[in-house]
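>>> could you look at this predicted model? Sequence included:
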Amino acid sequence: MVKFSGMQRKFITNLGFLLFLNLLIKPFWIFGIDRTVQNVVGAEDFGFYFVIFNFSFLFNILFDFGITNFNNRNIAQNTQLLNKHFSSILILKLLLAIVYFFVTFISGVLWGFRGNELWLLALLGLNQFFISFIMYLRSNVSALLLFKTDSILSVLDRVLMIAICSVLLWGNVTESQFRIEWFVYAQTASYLLTGIVALLIVIRKASFRRLNWNWPFFMVIIKQSLPFAILVLLMTFYNRIDSVMLKGLLPKESGNLQAGIYAHAYRLLDALNNIAYLFSVLLLPLFARLIKTGENVEKLVKLSFTLLFVVSVIFSVTSYFFSYQLMDMMYDHYIAESSVVFGILIGCFVAISTTYVFGTLLTANGNLKHLNIVAAGGMLLNITLNVILIPRFGALGSAWTSLITQAIMAIIQVILAALFFRFTINYSFIFRLIFFFAGVIAINWLATFLTIHWAKSALLVLSVSIIWAGLLQLLNIRNLIRIFLSTDH
């Protein structure tokens, strides 16, 4: 029987609770609310929103300047610093917010935004501030290894949005048709309330009494956080610039439409990425703690990567084979176009999941110079490919750009992690991963010959794929169940 270390046990048990909450809430948000909003307002209006939403994301790092990642790693290793840092970082984040709004608005005007576009940019910029503030507060909670509290905070904003949007969509509280601006207002209210709850929790844990204006401390934090800030900025550009470039490189109406089609395809990938992101939320403080104490990280890396690889391959391959049916289930318009883009874009899930393990490990180890060089290369590659492919292929060209960029970034980060941590090459493990990937493709191909409803076929594929992972000893279901049932946490 495989024995799990304390950190592996903590990772698995808290991951289970985190996934339970997110799988309870997020599907209703995606299929009940977000999908309905996209269908009600139409592809062009949602594409208009999607472009500005991603534009507001581009300079999001100016809100944070890498403080969240730095803080999570630093407090996890030095919990006694929470009170000292918290009272000063609150002021620093408010100062950075001023910088963000200035840069974002100037950039928006230069990009060509006017009127309603600037108003929506202001609202979405405010939402980005609340999101950044919540993420900083949650970084303190998770750094203290209070993962269950952090798990609840991770879904609170969505619960509130579901409640507000449900009333606006189906509550008959207005005779007007639902507008995209209402969707943004609902987000603003939800983020504000979640931020207040998170703030009260951290104030209590930090024994906070008053704000502390400390300019030398601000400079020290910015200097230490700068590598994190550069990394996040570069990664944000090659993750979020696609839809912005669709609007910029195509005529106005065509740009909004192609951005809307891309948004259709991106929605499920974004939802899956959010699940994978939960791994990194747990892994960063755990990796940081293990590295500080000089313990071996290889077992936790293998455990987390194997879980994510199995999940990402199953969902990516199955989504590719059932891409048309999934888009038809979710949307009313441009189904064929969206399904082709989705079939390519969903491949990014495997690559992104890989970076959430190995990129997080390198971040915890402080290898930010190397990560920044890699991310800069990724940004240049992404922009170059988009400039070449978008004018010819539209949203499909942008999807291929994302897949190529994410795959290269993932491979490089795996190589860097193996070099820095001197991981031994486990050929048996690598061959099992390859056989698993090939097997999932074969299972999906065979399922295309079934005459039952596609949803039943997809569920059958998922079940058989999990069994296949178990047969290859990539998943040990018995051990996972044993951990969840164990009282010795």
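Nice, I can see it.
>>> low-confidence stretches in the stretch 351-489 of the chain?
Across the stretch 351-489 of the chain, residues meeting the criterion (pLDDT under 70) sit at 477-489.
>>> what about the helices in it?
Here the stretch 351-489 of the chain has its helices, by DSSP state H, counting those that start in this stretch, at 368-393, 395-421, 427-447, 454-471, 477-485.
>>> and those: which comes nearest Thr360?
Distances from Thr360 to each of these were compared using Cβ to Cβ; the minimum, 9.6 Å, belongs to helix 395-421. For glycine as for every other residue, the C-beta is placed from the backbone atoms N, C-alpha and C.
>>> same list, the helices of the stretch 351-489 of the chain, but as a markdown table with mean neighbour count and distance to Ala229 please.
Converted to a markdown table, those look like this (neighbours: other Cβ atoms under 10 Å; distance: least, Cβ to Cβ, whole Å):
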| stretch | mean neighbour count | distance to Ala229 |
| --- | --- | --- |
| helix 368-393 | 18 | 10 |
| helix 395-421 | 20 | 18 |
| helix 427-447 | 15 | 34 |
| helix 454-471 | 16 | 38 |
| helix 477-485 | 13 | 37 |
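>>> would you reformat those as a markdown table and include distance to Gln224?
Formatted as a markdown table, the entries for the helices of the stretch 351-489 of the chain read as follows, by distance: least, Cβ to Cβ, whole Å:
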| stretch | distance to Gln224 |
| --- | --- |
| helix 368-393 | 10 |
| helix 395-421 | 20 |
| helix 427-447 | 36 |
| helix 454-471 | 41 |
| helix 477-485 | 36 |
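>>> quick one: residues in contact with stretch 236-256.
44, 47-48, 50-51, 54-55, 57-58, 60-61, 111, 258-259, 262-263, 266, 375, 378-379, 381-383, 386-387, 390-391, 394-395, 398, 401-402, 405, 409 (Cβ atoms under 8 Å, 6 or more residues apart in numbering).
>>> check the gap between the closest residue to Phe46 other than its chain neighbours and Ile241 for me.
Take Phe46 and drop its neighbours on the chain: the residue closest to it by Cβ to Cβ, 6 or more residues apart in numbering is Gln38, 4.8 Å away. Between Gln38 and Ile241 the distance, using Cβ to Cβ, to the nearest Å, works out to 21 Å.
>>> what of Lys369?
Spatial separation of Lys369 from Ile241 under the definition Cβ to Cβ is 23 Å.
>>> follow-up on the earlier one: looking at Gln38 and Ile241, which is more packed in?
Gln38 (25 against 22; other Cβ atoms under 10 Å).
>>> elements contacting whichever strand or helix holds the more buried one?
Secondary structure assigned from DSSP states H and E places Gln38 in helix 35-41. The criterion is 3 or more Cβ pairs under 8 Å, 6 or more residues apart in numbering; DSSP states H and E, and the helices and strands that helix 35-41 contacts are helix 43-58, helix 147-170, helix 180-206, helix 252-292.
>>> can I get those in JSON lines with distance to Tyr427, mean pLDDT and mean neighbour count?
Conversion of the helices and strands packed on helix 35-41 to JSON lines gives the following (distance: least, Cβ to Cβ, whole Å; pLDDT from 0 to 100; neighbours: other Cβ atoms under 10 Å):
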{"stretch": "helix 43-58", "distance to Tyr427": "40", "mean pLDDT": "85", "mean neighbour count": "24"}
{"stretch": "helix 147-170", "distance to Tyr427": "34", "mean pLDDT": "89", "mean neighbour count": "19"}
{"stretch": "helix 180-206", "distance to Tyr427": "45", "mean pLDDT": "90", "mean neighbour count": "18"}
{"stretch": "helix 252-292", "distance to Tyr427": "25", "mean pLDDT": "84", "mean neighbour count": "22"}
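>>> rewinding a little: what separates the helix holding Gln38 from the chain centre, distance-wise?
The chain centre lies 22 Å from the centre of helix 35-41; the measure is Cα atoms, centre = their mean, to the nearest Å.
>>> do stretch 132-144 as well
15 Å.
>>> what's the answer for stretch 242-260, then?
23 Å.
>>> only C-alpha atoms, please: export it in PDB.
Output for stretch 242-260, consisting of C-alpha atoms alone and laid out as PDB, is shown next (Å, rounded to 0.1, in the frame of the first residue of the first chain):
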ATOM      1  CA  ASP A 242      -6.300  36.900 -28.500                       C
ATOM      2  CA  SER A 243      -9.800  38.400 -28.500                       C
ATOM      3  CA  VAL A 244      -8.300  42.000 -28.300                       C
ATOM      4  CA  MET A 245      -6.300  41.300 -31.400                       C
ATOM      5  CA  LEU A 246      -9.300  39.800 -33.200                       C
ATOM      6  CA  LYS A 247     -11.100  43.200 -32.800                       C
ATOM      7  CA  GLY A 248      -7.900  45.100 -33.700                       C
ATOM      8  CA  LEU A 249      -6.900  43.200 -36.800                       C
ATOM      9  CA  LEU A 250     -10.400  42.700 -38.300                       C
ATOM     10  CA  PRO A 251     -13.100  45.200 -39.400                       C
ATOM     11  CA  LYS A 252     -15.300  46.300 -36.500                       C
ATOM     12  CA  GLU A 253     -18.400  44.100 -37.100                       C
ATOM     13  CA  SER A 254     -16.400  41.100 -38.200                       C
ATOM     14  CA  GLY A 255     -14.000  41.600 -35.200                       C
ATOM     15  CA  ASN A 256     -16.900  41.600 -32.700                       C
ATOM     16  CA  LEU A 257     -18.400  38.500 -34.300                       C
ATOM     17  CA  GLN A 258     -15.200  36.600 -34.400                       C
ATOM     18  CA  ALA A 259     -14.500  37.600 -30.800                       C
ATOM     19  CA  GLY A 260     -18.000  36.300 -29.900                       C
END
